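[1] please work out how this folds:
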Amino acid sequence: MNTAVPGFLASGISAGIKSAGAPDLGLIFSQAPAAAAAVFTTNKIKAAPVRESQARLHQSAGLVQALIVNSGNANACTGVEGVRHVQSVCRSLSKTLKVPEQHILMSSTGIIGVPLPLEKVTGSIPALVGALSPDGLDDFSRAIMTTDTFPKRIMRRVCLADTEVSLCGIAKGAGMIMPRMATMLSFILTDLATSPEFLRSAFREAVDISFNAITIDGDTSTNDTALILANGAAGNPPLTGDAGGGDAFKDALCGLLKDLSRLILKDAEGATKLITIRLVNAGTSEAAKDIAFQVANSPLVKTAFFGEDLNWGRIMAAIGKTEHEIDSDVIDIFINSIMIVQHGCATGLASRAAALLKEREFTVTIDLHHGCASAEVGTTDLSIDYVKINSAYPT
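    Predicted structure coming up:
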């Protein structure tokens, strides 16, 4: 798959952070300073690279030229030393690339509470820079994986008037996924010319309906980062709003992030089912999303789906945990198109619907009959393998 984006180079190598020579250090380099927008974890405990990246984006007025990412070590809960390590890596990379240090960001993913092996990272920077290539995004996407079983990369092209604009999205994540941002990293590259204000607005909108609408296990990581870089190499008149192609770009960006979030769900640790929870006719949008997440995150609901057991009472119980106003006597529930609950009671069709739980993908629709707001959340089942994977994860 050709995922080259004009004006961007990338690489991925082994720095020895992981065992057995697995790739664990990646670099993205924009040949010109790129406008940047980012969304970071809402976890109150933030890893050193998240804290430092937030500060740098503010100091550089949203301009970024390089991003270095390591896997195998989260550099989280490492105190002042962790921040100093991020600064040392960026300083070393700045000297090698000959770009301003404040235009360099770092992201990390992996084990929490272990100091970053600084010398391994800084010592690998010459090789990392030397490996930069327009076709290096495959190596980069493999270098940022942790428990992922496959690299996640999607390419889109969209025409804005007479100009073709490229977008490439890379993501990692298979567990600790409950975005309000999730352990998820995602990097979007585009050659679009745009104002920083438009880019921030478009990106936050796209993140909200994609990464912030999925859950695997209800856990939010210390390192979650979603970043978009736009280097202007396409040469289009800079976008400042929805006119002049802004709507078309936003549609392409939203579609790209939705597809990336779906790949994360498909690679969920130990998952055997990919489930869409549709909450319709809620009183407010907030209620719709909150209740959809309650169902999507319920261990009892998720384990029932893993066991292919249509225990719809668990769904009703999850709905009822809400602080929002509902009426249990009017709730309808469907598995795909089969109604299993009507007005809060069984329809007698559960045996027909149970066969759908054997499918890899299905949809649970919950109709509250309480308003006109709706929400959609992607989730997975909770399997024995999920417990095995996470109980064996090194500490």
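[2] thought residue 353 was touching residue 310?
    Yes - taking CB atoms under 8 Å as the definition, residue 353 is a contact partner of residue 310 at 5.8 Å. C-beta: built from backbone N, CA, C; applies to glycine.
[3] mutual contacts of those two, please.
    Residues within reach of residue 353 and of residue 310 at once, by CB atoms under 8 Å, 6 or more residues apart in numbering, are 335, 340.
[4] which SS class is residue 334?
    Following DSSP: H, G, I helix; E, B strand; the rest coil, residue 334 is assigned to strand.
[5] need the strands for the stretch 51-200 of the chain, in chain order.
    63-71, 104-109, 152-160, 163-172, 185-190 (DSSP state E, counting those that start in this stretch).
[6] pull the number of nearby residues for residue 356.
    18 (other CB atoms under 10 Å).
[7] burial of residue 19, as a residue count?
    9.
[8] following element in sequence after the strand or helix carrying residue 226, please.
    Element membership for residue 226, per DSSP states H and E: strand 225-230. Next along the chain after strand 225-230, taking DSSP H and E as the criterion, comes helix 246-266.
[9] can you give me the buried ones in that next one?
    246, 248-250, 252-258, 260-266 (16 or more other CB atoms under 10 Å).
[10] contacts for it?
    Helix 246-266 has contacts (CB under 8 Å, 6+ apart) with 152, 154, 156, 158-160, 165, 167, 169, 171, 173-174, 177, 184, 186, 188, 192, 194, 198, 202-203, 205-207, 209-211, 213-214, 216, 228, 239-240, 242, 271, 274, 378-380.
[11] give me that answer again for 7 Å
    Identification of contacts with helix 246-266 by CB atoms under 7 Å, 6 or more residues apart in numbering yields 152, 154, 156, 158, 160, 165, 167, 169, 171, 173-174, 177, 184, 186, 192, 198, 202, 205-207, 209-211, 214, 216, 239, 274, 378, 380.
[12] would you write a ChimeraX line that selects the buried entries of those?
    Listed next is the ChimeraX selection for buried residues among the contacts of helix 246-266, using 16+ other CB under 10 Å:
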select :152,154,156,158,160,165,167,169,171,173,174,177,184,186,192,198,202,206,207,210,211,214,216,239,274,378,380
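[13] need phi/psi at residue 356.
    phi -70, psi -20 (degrees, to the nearest 10).
[14] oh sorry, the question was meant for residue 309
    Main-chain dihedrals, residue 309, degrees, to the nearest 10: phi -110, psi 120.
[15] let me see the confidence value for it.
    In this model, residue 309 is scored at 90, pLDDT.
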